[in-house]
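Asks: pasting the structure only:
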DNA sequence: ACCGCCGGGTGCC
DNA sequence: ACCGCCGGGTGCC
């Protein structure tokens, strides 16, 4: 295995490969989110808010000692070299390929060292004229940093006798360079700003993926014989496209051949060797179009040179038994399927003793309760072996655990009965870690977590990293969008010929998220974050003309994306039934209205006070609480037990204080407002609450405290922050908060439940077999609805987040069944289930209460409005008249607009997020 | 001459 | 480097 621990060559890869230099101990386990400053690149995390301070001309010396060459106008990277024995201020200069060009002249380096080491600015270089220099060459440097560091940088430079020239117009593109006679002082900074309107951005965004109607993407291709399912036209197109990508040797995007050199038009870098394009790309079809099936078809159809994967053909029922079936109960959604885990022993293979399966190798999720070993009846008569002996033959598929069973099912379903694949599920504590055996499989399936765990234990012993794969497929690849996450690093350091990314959501928040994917695809020069940032990310986020077009052409060249509404040969891609959303207004009964009004009045007074005092942020949790109670009152008066407000701040004992904070946090978490952590801007993980009542992810806020010590302050309100003041919500408490069973309370209905029951009963009269989803964010509300359903004799089932996996599977199967007497109603909590949840048996949805985030609603509707739905889907949203719910609808519309334009704008800052929220609050409570 | 000037050796950090 | 800088050789006109 010659690739084992082979050192990576070339500096472009060093962002990934060189993160274990000898000076760092190799196996120090760093807790997640606490990694030491990444020395791999000069680009820092916070580059989005960077402005251009100015430019400076300097010189690069010592050219003749290094092999790196530079073209005219080529970008170069400046890298500190603090351990240089001749000068601790040394700054070396590398070309785009990572080859050293020279050093920055020492007087200038002395000025830059402090600035770079303290991360006051990012210094980027472009060599205006580099082609023929022998000993030195000029370099035009741009200084980028945050507004507040500008003075410090200018001072540093001044101390060493340097002064910045004003920014050039073409900054960052390196195409033009103005001779820098000692210019005037400096002009206004170039702010990172979005120059496009939301409307423009939206249309640009649409174009980004919709303009992909190229010739090579509309050819069709039949799957190999072993593909047991007939492919739909758009799937044949995808297969043809994927096969052509894997077999093509086109130049990667932004590379041109120019007189025997290969030239990168973004960085102006040139090389003699032809740069390799990724043999793969991004399949970004909408959910439900069959990415999994297409990928399986690809695996079976394109093994080498367009020839199909040589799989064993099962012809008759005799000879030796090599086939077992193995059941994996925990992750199987459907008991009747089995996964064939087969292995035929090649002479060179060592079969480990401890598998307990003889020559059958299988791993299973932990804990495996029972191991079922069965002898199959089929057998293999002839095995055509035409594997080339040296080349890799295994496809590695990495997916989130939640879709692992889906892959297994789909392999089962779509592989012809006459063939069988060697599939190994690399999962569970008894997974087989022998690379020799893994690399004998046709397919190895694993999860991001398992991969990252192996890699975390030891990068050098991780079996998956010892193998050179034929092909790697990342499913739901947006889970690796954080470049610093262990998972991402583990994925990026896998070796493979062909690389695929499957995702339904190619850009979630910003261009930033794309880097991990592009880097995985090994597209030069973007594997190095600096080049990605300088050539794509910054131009796009700053709205530099052409920036978006550049990104677009990059995406276009490697992506296939169809939406549910795309067309194939003039016809809709999927003949999905219609989907209608109706809004059913509900008027509260008099008593309900009275309670609602009194709570609203009280809440409004309090919130008004917070506005007047300017303490809205400090009471954010309380305000969410008010809104929550109002939303609950729209559903049912019993949802909201403690109508008295909890605004008392005068908690005395530490325990009381703790309890109050826990309560506030529970409020925030249970309010369904989908709170983000203001540090990482993602959904909260391991939420903790500060003394000032702001909720963050635990790792995030620890990092803030660590980096700001000794005097850390809250990112939201700047009040004092200390680790010992953070309060966690224990798992137990979190669970308790969700079930608000009220023991002795007598069952009563509510206006909304009446409206629902009326609709359900009408529907039953019309057609007793129609199935419905009844969706709410409040599980207690679902419990109340149960009573009404029972009274009217509905057979129903229920799915919510608190249910064990086994129960969920049961509930889903039961509901999906078409048997007489199977449930016609499913009570569903809005966020239950992963992306894959398939509830196509239902053709009606009753959304009992609006969600803050319209995307969450849409995702929920898609559970039944997807491939396999036979009927038109009618969605009814119950909205209480003259209530917070109506205002929520307005905010939802605003959010939809925002989401459409969110791409390419920079992520909002913590304070902007809060400002938005404050505005929302105003709108919600009619202030 | 404890200078200037010449011309060869030499050259990143 | 067709430079600068260093340091040795040298020394009226």
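Replies: It's in. Everything quoted here is computed from the prediction, not taken from an experiment.
Asks: so where does residue A:621 fall, helix or strand?
Replies: helix A:620-635 (DSSP states H and E).
Asks: now the element after that helix, going C-ward?
Replies: helix A:654-670.
Asks: state the distance from residue A:393 to DNA strand B.
Replies: For residue A:393, the distance to DNA strand B (C-beta to the nearest atom of the strand, to the nearest Å) stands at 46 Å. Just so you know, the C-beta spots here come from the backbone N, C-alpha and C atoms, and that holds for glycine as well.
Asks: neighbours around that residue, how many?
Replies: Burial measure for residue A:393: 19 neighbouring residues, criterion other C-beta atoms under 10 Å.
Asks: quick revisit: could you give the mean pLDDT of the helix holding residue A:621?
Replies: Mean pLDDT, computed over helix A:620-635, is 87.
Asks: that helix to helix A:654-670, inter-axis angle?
Replies: Put simply, helix A:620-635 runs at 50 degrees to helix A:654-670, going by axes from the mean of the first three to the mean of the last three C-alpha atoms, to 10 degrees.
Asks: report all helices and strands that helix A:620-635 contacts.
Replies: For helix A:620-635, the packing partners by 3 or more C-beta pairs under 8 Å, 6 or more residues apart in numbering; DSSP states H and E come out as helix A:590-613, helix A:654-670, helix A:884-902, helix A:910-924.
Asks: which of the three states applies to the residue of the stretch 501-650 of chain A found nearest DNA strand B?
Replies: Residue of the stretch 501-650 of chain A nearest DNA strand B, by C-beta to the nearest atom of the strand: residue A:530 (20.9 Å). Three-state call for residue A:530 (DSSP: H, G, I helix; E, B strand; the rest coil): helix.
Asks: burial count for it?
Replies: 24.
Asks: residue A:96 now?
Replies: 28.
Asks: element containing it, please.
Replies: Going by DSSP H and E, residue A:96 is not in any helix or strand.
Asks: near DNA strand C, which residues of the stretch 1-150 of chain A?
Replies: Residues of the stretch 1-150 of chain A lying near DNA strand C by C-beta under 7 Å from any atom of the strand: A:64, A:134-136.
Asks: among those residues, which ones are buried?
Replies: Neighbour counting by 16 or more other C-beta atoms under 10 Å classes none of these as buried.
Asks: so which of the helices and strands packed on helix A:620-635 comes closest to DNA strand C?
Replies: Once the helices and strands packed on helix A:620-635 are compared by C-beta to the nearest atom of the strand, helix A:910-924 is nearest, at 50.8 Å.
Asks: quick one: mean pLDDT for that closest one?
Replies: Here the average pLDDT along helix A:910-924 is 75.
Asks: let me know the pLDDT of residue A:535.
Replies: Reported pLDDT for residue A:535: 95.
Asks: contact partners for the closest residue to it other than its chain neighbours?
Replies: Spatially, and ignoring its direct neighbours in sequence, residue A:535 is nearest to residue A:266 (4.2 Å; C-beta to C-beta, 6 or more residues apart in numbering). Counting by C-beta atoms under 8 Å, 6 or more residues apart in numbering, residue A:266 makes contact with A:254, A:525, A:531, A:535-536, A:550.
Asks: so how far is residue A:492 from residue A:266?
Replies: Look at residue A:266 and residue A:492: by C-beta to C-beta, to the nearest Å, they are 21 Å apart.
Asks: on that earlier part again, quick one: the helix holding residue A:621 to helix A:910-924, angle?
Replies: Going by the same axes, to 10 degrees, helix A:620-635 makes 30 degrees with helix A:910-924.
Asks: chain center to helix A:620-635: distance?
Replies: Its chain's C-alpha centre and that of helix A:620-635 lie 30 Å apart, by C-alpha atoms, centre = their mean, to the nearest Å.
Asks: same question, stretch A:407-418
Replies: That offset, for stretch A:407-418, works out to 27 Å (C-alpha atoms, centre = their mean).
Asks: now do the domain split for chain A, please.
Replies: A:51-159, A:236-572, A:589-738, A:751-909 (automatic domain parsing).
Asks: and of these, who's closest to residue A:229?
Replies: domain A:236-572 (4.4 Å; C-beta to C-beta).
Asks: in CSV, list the helices and strands packed on helix A:620-635 along with mean neighbour count and distance to residue A:247.
Replies: Listed next are the helices and strands packed on helix A:620-635 as CSV, based on neighbours: other C-beta atoms under 10 Å; distance: least, C-beta to C-beta, whole Å:
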stretch, mean neighbour count, distance to residue A:247
helix A:590-613, 15, 63
helix A:654-670, 18, 50
helix A:884-902, 16, 37
helix A:910-924, 16, 46
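Asks: any chance of those helices in CSV, plus distance to DNA strand B?
Replies: Formatted as CSV, those follow (distance: least, C-beta to the nearest atom of the strand, whole Å):
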stretch, distance to DNA strand B
helix A:590-613, 57
helix A:654-670, 53
helix A:884-902, 45
helix A:910-924, 40
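Asks: which of those helices sits closest to residue A:752?
Replies: Across the helices and strands packed on helix A:620-635, residue A:752 has its closest neighbour in helix A:590-613 (9.0 Å, C-beta to C-beta).
Asks: tell me what that closest one is packed against?
Replies: helix A:620-635.
Asks: can you check what angle separates the helix it packs on from helix A:884-902?
Replies: Orientation check (the same axes, to 10 degrees): helix A:620-635 against helix A:884-902 gives 120 degrees.
Asks: ok, back up a step: I'd like to know how far the residue nearest to residue A:535 sits from DNA strand C.
Replies: 31 Å.
Asks: enumerate the residues of the stretch 101-250 of chain A near DNA strand B.
Replies: A:102-106, A:109.
Asks: ok, now with 6 Å
Replies: A:102-103, A:105-106, A:109 (C-beta under 6 Å from any atom of the strand).
Asks: leaving out chain neighbours, which residue sits closest to residue A:438?
Replies: residue A:444 (5.4 Å).
Asks: quick one: contacts of the host helix or strand of the one you found?
Replies: Using DSSP H and E, the element containing residue A:444 is strand A:443-447. Residues external to strand A:443-447 that are found in contact with it (C-beta under 8 Å, 6+ apart): A:299, A:394-401, A:404, A:407-408, A:411, A:421-427, A:438, A:464.
Asks: which residues of chain A lie near DNA strand C?
Replies: So chain A meets DNA strand C at residue A:135 (C-beta under 6 Å from any atom of the strand).
Asks: neighbours around the residue in the stretch 551-700 of chain A that DNA strand C sits nearest to, how many?
Replies: At 39.9 Å from DNA strand C, residue A:554 is the closest residue in the stretch 551-700 of chain A, using C-beta to the nearest atom of the strand. The number of residues packed around residue A:554, counting by other C-beta under 10 Å, is 22.
Asks: got it, and the one 3 residues further on?
Replies: Residue crowding around residue A:557 was assessed by other C-beta under 10 Å; the count is 19.
Asks: enumerate every residue touching it.
Replies: Contacts of residue A:557 (C-beta under 8 Å, 6+ apart): A:252-253.
Asks: name the SS class of it, please.
Replies: helix.
Asks: do a quick rundown of the strands in the stretch 101-250 of chain A.
Replies: Using DSSP state E, counting those that start in this stretch, the strands of the stretch 101-250 of chain A run over residues A:122-127, A:136-145.
Asks: tell me which of the ones you listed sits most buried.
Replies: With neighbours defined by mean count of other C-beta atoms under 10 Å, none of these is more surrounded on average than strand A:122-127, at a mean of 25.
Asks: what helices or strands is that one leaning on?
Replies: strand A:74-80, helix A:106-117, strand A:136-145.
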